[in-house]
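Peer 1: Need a 3D model of the sequence below.
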Amino acid sequence: MTEITAHHGLFKNTDLHVDDTGGPGRPVVLVHGWPLSGASWSEQVPALTAAGYRVVTYDRRGFGRSDKTRSGYDYDTLTEDLNALLEQLDLHDVTLVGFSMGGGEVARYVGTHGTERLRSVVFAGAVPPYMAKTEDNPQGPLTKEQADEMEAGLKDDEDTFYDGFITTFFSADGELKVSQAQRQDALALTKQADHKAALKSMESFGTTDFREDLPKITVPTLVIHGDSDAVVPLEGSGALTHAAVAGSRLHVVAGAPHGFNVSHAEEFNRVLLEFLAD
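Peer 2: Okay, here's the model as predicted:
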């Protein structure tokens, strides 16, 4: 465990919690989803470590064990947090793996900083290209009514909202695809999320447009997504990201919910390791 300090944004010294397995292997940086933390990669870290990779996870500001700042939950600031991590740990030849909201940081990182430090990128159940359903983005999977309902639910009764959200997170076709213990582990991570951070981050992943970032990706790219994802539906996200990134490969996990890195960990890890080995 360690911490890095981000020196940008309104709060000039923001401590971000980092777990780094160290070692000489190629670095794989895992960027977690909303509203969890780096601990949500518990099924991936041992598999990647056993394969010889240096695995780095971190908690997004406002979540997990990182500082709970009053602002800075826009993707530009969050991407600078990721950049600070890569610079301070002096990481090169990196594979960035962005799950759900974390895919936004991956896309915006390339759009802003290019690929000099990168070997490859992975979008896993990720929110790009653009979640909001608008006139110029009719395929966007998130309507304004749905976004408003989520915001109201989180504001009105946080505990009830998270309980329902995590159930949907791990469900496909109305059936929970993980154990109750795994569901409770994820629910416990939501308790570490700052309320304002969760609200502002929800707004960010629901309204940020990554369509100009994706064509700038020139490194090998894997898009992996569950076909029964009820949180970030494949057709309006992963399928469009695959189409937008030249030469990307798409792997669809049959019957998998949003939280498929847990529910379908064996297939997720196998596909990820095969991609990393190329």
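Peer 1: what comes up buried for stretch 105-114?
Peer 2: 105-111, 113 (16 or more other CB atoms under 10 Å). Backbone N, C-alpha and C define where each C-beta goes, glycine included.
Peer 1: What distance do you get for G259 to Q139?
Peer 2: Distance from G259 to Q139, counting by CB to CB, to the nearest Å: 23 Å.
Peer 1: Please enumerate the helices of the stretch 101-250 of the chain.
Peer 2: 102-113, 144-156, 158-169, 180-190, 195-207, 238-244 (DSSP state H, counting those that start in this stretch).
Peer 1: V232 reaches F123, doesn't it?
Peer 2: No: contact between V232 and F123 fails when scored by CB atoms under 8 Å: they sit 10.3 Å apart.
Peer 1: more crowded one of these two?
Peer 2: F123 (33 against 24; other CB atoms under 10 Å).
Peer 1: any chance you could map the strands in the stretch 1-150 of the chain?
Peer 2: For the stretch 1-150 of the chain, strands defined by DSSP state E, counting those that start in this stretch occupy the ranges 2-6, 14-20, 27-31, 54-58, 94-99, 118-124.
Peer 1: just checking, what packs against the fifth one?
Peer 2: For strand 94-99, the elements it packs on are strand 27-31, helix 102-113, strand 118-124, judged by 3 or more CB pairs under 8 Å, 6 or more residues apart in numbering; DSSP states H and E.
Peer 1: With distance to V178 and mean pLDDT as extra columns, can I get these in a markdown table?
Peer 2: Output for the helices and strands packed on strand 94-99, formatted as a markdown table (distance: least, CB to CB, whole Å; pLDDT from 0 to 100):
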| stretch | distance to V178 | mean pLDDT |
| --- | --- | --- |
| strand 27-31 | 19 | 98 |
| helix 102-113 | 19 | 98 |
| strand 118-124 | 16 | 99 |
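Peer 1: would a markdown table of these with distance to F169 be doable?
Peer 2: Shown next, in a markdown table, are the helices and strands packed on strand 94-99 (distance: least, CB to CB, whole Å):
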| stretch | distance to F169 |
| --- | --- |
| strand 27-31 | 17 |
| helix 102-113 | 14 |
| strand 118-124 | 13 |
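Peer 1: Quick one: closest of those to L91.
Peer 2: Each of the helices and strands packed on strand 94-99 has some distance to L91 by CB to CB; the shortest is strand 27-31, at 4.7 Å.
Peer 1: List the strands paired with that closest one, with their directions.
Peer 2: strand 54-58 (parallel), strand 94-99 (parallel) (DSSP bridges).
Peer 1: what's the most buried one of the ones you listed?
Peer 2: Of all those, strand 94-99 has the most neighbours on average by mean count of other CB atoms under 10 Å, namely a mean of 26.
Peer 1: CA atoms of it as CSV?
Peer 2: What follows is strand 94-99, C-alpha atoms only, in CSV (Å, rounded to 0.1, in the frame of the first residue of the first chain):
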residue,chain,number,x,y,z
VAL,A,94,1.5,0.2,-19.3
THR,A,95,-1.8,-1.5,-20.0
LEU,A,96,-4.7,0.6,-18.7
VAL,A,97,-7.8,-1.4,-17.8
GLY,A,98,-10.9,0.8,-17.2
PHE,A,99,-14.1,-0.8,-15.8
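Peer 1: what is the orientation angle of it with strand 118-124?
Peer 2: 10 degrees (axes from the mean of the first three to the mean of the last three CA atoms, to 10 degrees).
Peer 1: Compute the number of surrounding residues for E266.
Peer 2: 9.
Peer 1: ugh, typo on my part, it should be A152
Peer 2: 11.
Peer 1: ok, now how distant is it from E145?
Peer 2: 11 Å.
Peer 1: right, so of the strands paired with strand 27-31, which gets closest to F210?
Peer 2: Of the strands paired with strand 27-31, nearest to F210 by CB to CB is strand 94-99, at 10.6 Å.
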